Each structure stands twice: as C-alpha cells, then as structure tokens.
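> give me a 3D structure for the following:
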Amino acid sequence: MAWTLLLEQVLNGLQYGMTLFVMASGLTLVFGVMGLINLAHGSLYMVGAFACAAVAAATGSFALGLVAALAAAAAAGALVELLVIRRLYARDHLDQVLATFALILIFSEGTRWVFGSFPLYLSIPAALSGSVPLPGGSAYPVYRLVVIAVGLAVAAFLFWLIGRTRLGVQIRAGEADREMIAALGVDISRLYTAIFALGAALAGLAGALVGALQSVQVGMGEPVLILAFVVIVIGGIGSIRGALVGALLVGLTDTLGRFLLPQAFRAVLEPSAATGVGSALASMLIYVLMAGVLIWRPKGLYGAAG
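Next up, the predicted model:
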C-alpha cells in the first residue's frame, strides 16, 4: 500500500535526521561558542566509526564499540584542540579552513595506514536485528528505531546540559561574551577543550551509529560534514534546538523527495527518465530548503537576531 511505503519513508527520514542531528549538534557547539570553522569534524565522525567497528570485531560487543567510538573521538578531538585548534582562535576564518582541511588529509591517511584501504563492516547486534510490524502488514527495522531513540536521548541530554548545568551556563556565556567570562575567572582554555571534546564525541557517536547501516571507510565523513553545515545554517549557528529542527527538516526533505519526486514525474515521463530526473531534483531539495530559510530568516530558524 502506498501509505505504508510513505510511513516507512517518513521513519527513514526521521532516522536520517536524527543521525544528522547527533553529528551537527557537536559542530554547532564548536562553531557557535568558539567561532571556529572546523572542517575536520567529519574526520572525527570517521574516527568514531572505525573505533566502533574495530572494537566490536575484536570483542563481539557492539556496546563496547559505542563506548570506544565516544572515547576515541573525544580523545582525538581534545588532542587536536590542544595541538592545533588552540593556535587558530585569534586567526581569521581562512586560516581555520586551511588548517582543518589539512587535518582531514592527516586523519584520512592516518586511518588508511592503520586500517588499510578496504572498508570495514559493522554488524547490527543480534538484539537489535529484528523488525517491528507497521500498519498495513509491512515491517520496520528495530535498529533504525533505536537510532531515532538515541537521537532523542542526545537532544534531551544537550538541552539539560546547556540549560541546567554549570558547564551549560559557561557555554552560553562563552557564546555571548568570552572575554567577560575569562575575566570572571573561568578557565577559557579548559572550557574550549571540553566543548571541542564533547563535539568530537557526538560526531564519533554518529559515525558509530551509521557504521552499522553502511560500510566504514576512509573519507566517509566528508559528505556528512556538508549536510551538517546545511543543518546548522538552517537551524541557526549555536542553537541546539535549531540543529534538531534543521536536521529533521533536512532528513525528511531528502528522504521524501527521493521517494515522491520520481513517482510524480512518472505521470509525464517514461519510468527510467522519471527516476533520473526525480532523483536529480531530490538531491537539490535540501539546498533549495536552505536558500528559502535564509531568504526568510538570514540568521537561521533559531539564530541570534543581532
């Protein structure tokens, strides 16, 4: 039934959106608070995926793989912040772009040196490998529903962290006036390292979650990085709520566009031509969405008004 297929695609869009949110939430924290354009965020996503795949293969435990992904990405992020990023805060954005692009090359070649050029495959744990029935007689994978739940849990955690904790107060204050909180005695260097490590851990978690749905390979973070930037531009730089809404909009727009547009063009074109044209236009939809949002709200949906 058509509506059953539509329901499946909506769930796929939610799952995709939640994955993008976990990735983009860390990026928007770093971008919003530290004012840093970090092109290497996708490399930290890749580090998490490889760490999860390697540890899961060695231990047989997907849960330990997730822990390893968080730890490896956070450690890599903290090390990068201490050794490289800390020297870029006072530099202009071009220097930041060039330095973090160099980090992409270093991470890619380092990963290839350690793991080789062939993809790794991360199996879905047996407990999550089943499916649940949907109305209409179809079934939907449990793992994808778990990814949606993890995204919601990450969103709840970040809202609590930003709104209810001392670190959250420092993060919000650092976004508004970093010189003032430094004058009040907050160790701004330590705060920046913590924020960068948190953002890296979220990227690593996203990579680990996606690693069970596709192959884990060198360079897997770059396409996702582009979409993560689209998400935070739509949602508003520095806004966790904006990242959540933007990620869901991007996920649903991309998934439903790829499902509905080819079917719509079949009314006027041959099936093969309709598929080609519809798929091509669907890949453009998220950028059309971004342009429309920026025309309406140049700072993004939840960006600062000033």
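> residues in contact with Ala54?
Applying Cβ atoms under 8 Å, 6 or more residues apart in numbering, we find Ala54 in contact with Gly65, Ala68, Phe115, Leu120. For glycine as for every other residue, the C-beta is placed from the backbone atoms N, C-alpha and C.
> inside helices: which ones of the residues you listed?
Counting by DSSP state H, these place Gly65, Ala68, Phe115 in helices.
> tell me the most packed of these, by neighbour count.
Most neighbours among these, by other Cβ atoms under 10 Å: Gly65, with 27 neighbours.
> that older thread, with pLDDT and distance to Asp92 added, can I get the contacts of Ala54 in JSON lines?
Listed next are the contacts of Ala54 as JSON lines, based on pLDDT from 0 to 100; distance: Cβ to Cβ, whole Å:
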{"residue": "Gly65", "pLDDT": "94", "distance to Asp92": "39"}
{"residue": "Ala68", "pLDDT": "96", "distance to Asp92": "36"}
{"residue": "Phe115", "pLDDT": "91", "distance to Asp92": "35"}
{"residue": "Leu120", "pLDDT": "91", "distance to Asp92": "38"}
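> top helix in the chain by residue count?
helix 2-34.
> average pLDDT for that helix?
Mean per-residue pLDDT for helix 2-34: 88.
> and that helix, how far out from the chain middle?
Helix 2-34 has its C-alpha centroid displaced from the chain centroid by 8 Å (Cα atoms, centre = their mean, to the nearest Å).
> residues near Gly174, how many?
Residues contacting Gly174 under the criterion other Cβ under 10 Å number 22.
> wait, what's in contact with it?
Contact analysis of Gly174 by Cβ under 8 Å, 6+ apart lists Val33, Met34, Ile181, Val186, Ile188, Leu191, Tyr192, Ile195.
> from these, pick the one nearest Gly292.
Among these, Val33 lies closest to Gly292 (Cβ to Cβ), at 27.4 Å.
> now the closest one: how far from Phe196?
The spacing between Val33 and Phe196, counted by Cβ to Cβ, to the nearest Å, is 9 Å.
> so between the two, which is more surrounded?
In this view Val33 and Phe196 are compared by other Cβ under 10 Å, and Phe196 has more residues nearby, 28 against 23.
> in terms of helices and strands, where is that one?
Using DSSP states H and E, Phe196 sits in helix 188-211.
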